[in-house]
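Q: Sequence first, predicted model second:
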Amino acid sequence: MDFMFSADIRSYKTMRNDELREAFVTAPLFESGKINLTYTDVDRAVIGGITPAADAIQLPTHKELAADYFCQRREAGVINIGGPGRIEVDGASYDMANRDSLYIAKESQDVQFYSDDTANPAKYYLVSYPAHRVTKTVHVPKSAAKFIELGSQETSNERTIFQSIRPGIVDSCQLVMGITELKSGSVWNTKPPHTHFRRTEIYMYFDLPEGEKVFHLMGQPTEVRTLPLDSEVAVASPSWSIHSGAGTTNYAFVWAMGGENQEFDDMDHIQVSDLR
Ligand SMILES: O=C(O)C(=O)C[C@H](O)C(=O)CO
Ligand SMILES: [Zn+2]
């Protein structure tokens, strides 16, 4: 497991882009046959990419978690951004089509990830937070997610938000998670940008064609920094930071939040004209 130590609200202002990356951006998450996990001190999230090949991959515990198994004191959300596969949780099997979600409850002991076809492997993106109570493991197909249409073609931000792990669908402890897909010709996510001091957030951009980037915006609204990101890396956003971006083409991303409440709509919006 890698460790990513974030920068604070004062020091990020004087950091170079490579230093900001070290503090907030993971390495590429998906490698055939591997599980790559990164622990960030932003709300103690663990961010993972799991790409099973011929063999199943088990979710391992780590010395630093000081836990008998990974989910002993944690919940995890998983979204498959690759080919079809399945996840087994304590012997129960969940088919995972592309863009399906699985919420894995606290105290799930044995978690195994599979790909149906090694030529088109599943790519499981995982975000885990500490959990304080035992709930139920739930599979959410993309069709069962709550969806919201936002933006317009005129302002280049026409997009659909799919909320799969959220109150009313999954009883989680702090995790809220889903996918945003930008329509062809739209490039701006989270426009206008916002903060939510009550929660932190992690974005993982994907389905960006080779050679394209998303210019991810972070920092306080009056001290914005730009990180040009490739597909399939995650970027952590502290509670004081905006998280928005424009791509060189359209794309999708998984967002995941943890914190003291789960209200998706309580964001503090910032006028684009106020960004500095
Ligand atoms: O494009 C958007 O707008 C989003 O996807 C917003 C994120 O879901 C978010 O930041 C929720 O707090
Ligand atoms: Zn947000």
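A: On my side now, so go ahead. Numbers count the residues shown, from 1 in each chain. Ligands and ions are numbered 1, 2, ... in the order given.

Q: Could you use CA atoms for every contact and neighbour count after this?
A: OK.

Q: For stretch 13-21, buried residues please.
A: 20-21 (16 or more other Cα atoms under 10 Å).

Q: The chain: helices as residue ranges?
A: Taking DSSP state H, the helices of the chain run over residues 17-24.

Q: Tell me how many other residues crowd whatever residue of the chain ends up closest to ligand 1.
A: For the chain, the residue closest to ligand 1 is residue 190, as judged by Cα to the nearest ligand atom, at 3.3 Å. Residue 190 has 17 neighbours, counted by other Cα atoms under 10 Å.

Q: Just want to check the distance between residue 86 and residue 9.
A: 40 Å (Cα to Cα, to the nearest Å).

Q: Mind checking which of these two has more residues around it?
A: Taking other Cα under 10 Å, residue 86 and residue 9 do not tie; residue 86 has more neighbours (19 against 13).

Q: Excluding covalently adjacent residues, which one is nearest to the more buried one?
A: Excluding its sequence neighbours, the residue lying closest to residue 86 (Cα to Cα, 6 or more residues apart in numbering) is residue 95, at 4.4 Å.

Q: thinking that neighbour is in contact with residue 87, fair?
A: Yes. Counting by Cα atoms under 8 Å, residue 95 touches residue 87, with 6.7 Å between them.

Q: more neighbours, those two?
A: A direct count of neighbours by other Cα under 10 Å for residue 95 and residue 87 places residue 87 higher, at 23 against 18.

Q: residues in contact with that one?
A: Residues in contact with residue 87 (Cα atoms under 8 Å, 6 or more residues apart in numbering) are 93-96, 111-114.

Q: Just those: which are in strands?
A: In strands, judged by DSSP state E, the following of those are found: 93-96, 111-114.

Q: quick one, what contacts residue 104?
A: Contacts of residue 104 (Cα under 8 Å, 6+ apart): 75-78, 89, 136-138.

Q: which bits of this structure sit near ligand 1?
A: Contacts of the chain with ligand 1, taken as Cα under 6 Å from any ligand atom, map to 161, 180, 189-190, 255, 264.

Q: what stretches of the chain score poorly on pLDDT?
A: The chain contains no residues with pLDDT under 70.

Q: The closest residue to residue 79 other than its chain neighbours bridge partners, please.
A: Leaving aside its sequence neighbours, residue 79 sits nearest to residue 101 (Cα to Cα, 6+ apart; 4.4 Å). Taking DSSP bridges as the rule, residue 101 bridges to residue 79, residue 140.

Q: What count of nearby residues applies to residue 101?
A: 31.

Q: Double-check it against residue 144; I have them as touching.
A: No. Judged on Cα under 8 Å, residue 101 makes no contact with residue 144 at a distance of 9.8 Å.

Q: where do the contact lists of the two overlap?
A: The contact lists of residue 101 and residue 144 share residue 164, where a contact means Cα under 8 Å, 6+ apart.

Q: Any idea how many residues pack against the residue nearest to residue 147 when sequence neighbours are not counted?
A: Excluding the flanking residues, the one nearest residue 147 by Cα to Cα, 6+ apart is residue 162, at 4.4 Å. Other residues within reach of residue 162, judged by other Cα under 10 Å, total 22.

Q: can you tell me which residues contact residue 162?
A: Residue 162 neighbours (Cα under 8 Å, 6+ apart): 142, 145-148, 178-180.

Q: Among the contacts of residue 104, which pair sits farthest apart?
A: The largest separation in the contacts of residue 104, counting by Cα to Cα, is between 78 and 136 at 14.3 Å.
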